[in-house]
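structure, please.
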Amino acid sequence: MGASGPIPHEKKATTTSDMIGTFAAAFAKLTLSQPPDVVATNASLGKDKFLKFKTELSEAKWLQKVRILYSGSIVELMKKLPSNSYRYPMQRATQSYFNEHYQQRLCELFGEHADVASASLSGGVTAIFEPCITHPLDTVVINQQVHRLSIAQTFRALSLRDYYRGAAVTGLVRNLPAGVTLFGGAAWFNQMLDNQDKQSNQKNIAAKIGAGFLSTLASQPGDVLKANMQTHRWTFVQTVKNVPFKQLFTNGANFRLVSGGLKAGVSYLLVEKAMEISAQFFGEEAPLPTKRRHSV
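Alright, predicted model coming up:
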């Protein structure tokens, strides 16, 4: 009997490769997303504030325009590094856990959409706890974007309570629906496009951008609430009283839906690809399964 050939191997992602991939993606995301983030933040605070921002931007010289649009970028990068290294690897690990332990139950409940359900659940669970890590830095960034303060001035202006003001609202009202729709939406769109294994880059890009729009739409009210709580230093009750209900859905909505949807989808794609590339260089070798598990 002839000797069997060598067992084929593939590179498997590790914690190290995920960290390297998400760190690399953070720099690319910052370059692309900071200007629309600055505009969206000011737009979410109401017409008067946004008009003041547009006037300031239009009257500024070219270099000053760049500085305004990249307000808070240093702290934002400090936030994106832990945010990326937590959100995407943790979502993937949580989804793997759900698939390993609850796959049969998910199939019973959701049928062919079991993978979409596990992606949605893992995305939501992961997103809820993200403010525990990133909210203090997010508060600094928001205040820099709105008040044009230096890092030192912002730190002096904020009390210890201010750093976590709006953290619960961010986790439950903004991040939870955003995480469910971003990760679940991407899985659903890929399934609808018959691209569960993400072999088609074009279809995967379309799925990520579609999910980005859903995520931005779902997180709009929470984003307006948290931005007002962080910049005005209001309590939740004060924010609900001062911000008309309609404005939760309209303040900066047009801009957020277009730029934010594209940003969320492209950011997700960037991180996913960066993690895949990093795994090829820094991952560990594992035997290639004879049969790969496909989405239900």
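
when you work out contacts or count neighbours from here on, use the C-alpha atoms and nothing else.
Will do.

got the contact list for the residue positioned nearest the centre of the chain?
The C-alpha lying nearest the average C-alpha coordinate of the chain belongs to Ala264 (Cα atoms, centre = their mean; 6.1 Å). Taking Cα atoms under 8 Å, 6 or more residues apart in numbering, we find Ala264 in contact with Leu182, Lys208, Ile209, Ala211, Gly212, Phe213, Ser215, Thr216.

OK, contacts around the last one?
Right, Thr216. Thr216 sits next to Ala178, Arg256, Leu257, Gly260, Gly261, Ala264 when contact means Cα under 8 Å, 6+ apart.

scan those residues and report the most crowded one.
Ala178 (31 neighbours; other Cα atoms under 10 Å).

in a strand, that residue, correct?
No: with DSSP: H, G, I helix; E, B strand; the rest coil as the criterion, Ala178 is assigned helix and is not in a strand.

my guess is it contacts Pro221. True?
No: using Cα atoms under 8 Å, Ala178 is not in contact with Pro221; the gap is 10.9 Å.

which helix or strand contains the residue nearest to the centre of the chain?
helix 261-282 (DSSP states H and E).

before we move on, back to that, which of the contacts of Thr216 sits closest to Glu285?
Nearest to Glu285 among the contacts of Thr216, counting by Cα to Cα, is Ala264 at 31.4 Å.

got the end-to-end distance for stretch 252-265?
Separation of the first and last residues of stretch 252-265 by Cα to Cα, to the nearest Å is 19 Å.

please identify the helix or strand for the residue nearest to Met19 when sequence neighbours are not counted.
Nearest residue to Met19 in three dimensions, chain neighbours excluded: Ser85, at 5.5 Å (Cα to Cα, 6 or more residues apart in numbering). Per DSSP H and E: Ser85 is located in helix 73-110.

list the buried residues for that helix?
By 16 or more other Cα atoms under 10 Å, the buried positions in helix 73-110 come out as 73, 75-77, 79-92, 94-96, 98-99, 103, 106-107.

that one vs helix 261-282, what angle?
Relative orientation of helix 73-110 versus helix 261-282 (axes from the mean of the first three to the mean of the last three Cα atoms, to 10 degrees): 90 degrees.

gap between Ile68 and Met19?
Here the criterion is Cα to Cα. By it, Ile68 lies 30 Å from Met19.

Ser150 reaches Val141, doesn't it?
No: the pair Ser150 / Val141 is not scored as a contact, 10.1 Å apart, by Cα under 8 Å.

in terms of neighbours, single out the busier of those two.
A count of neighbours by other Cα under 10 Å puts Val141 above the other of Ser150 and Val141, at 27 against 15.

per-residue confidence for that one?
Per-residue confidence (pLDDT) for Val141: 93.

what's the closest non-adjacent residue to it?
In space, Val141 comes closest to Gly72 once its chain neighbours are excluded; the distance is 4.8 Å by Cα to Cα, 6+ apart.

what do you get for Asp18?
For Asp18, the spatially nearest residue (Cα to Cα, 6+ apart) is Met275, at 5.4 Å.

report the contact partners of the one you found.
Met275 neighbours (Cα under 8 Å, 6+ apart): Ala13, Ser17, Asp18, Ile20, Gly21, Thr22.
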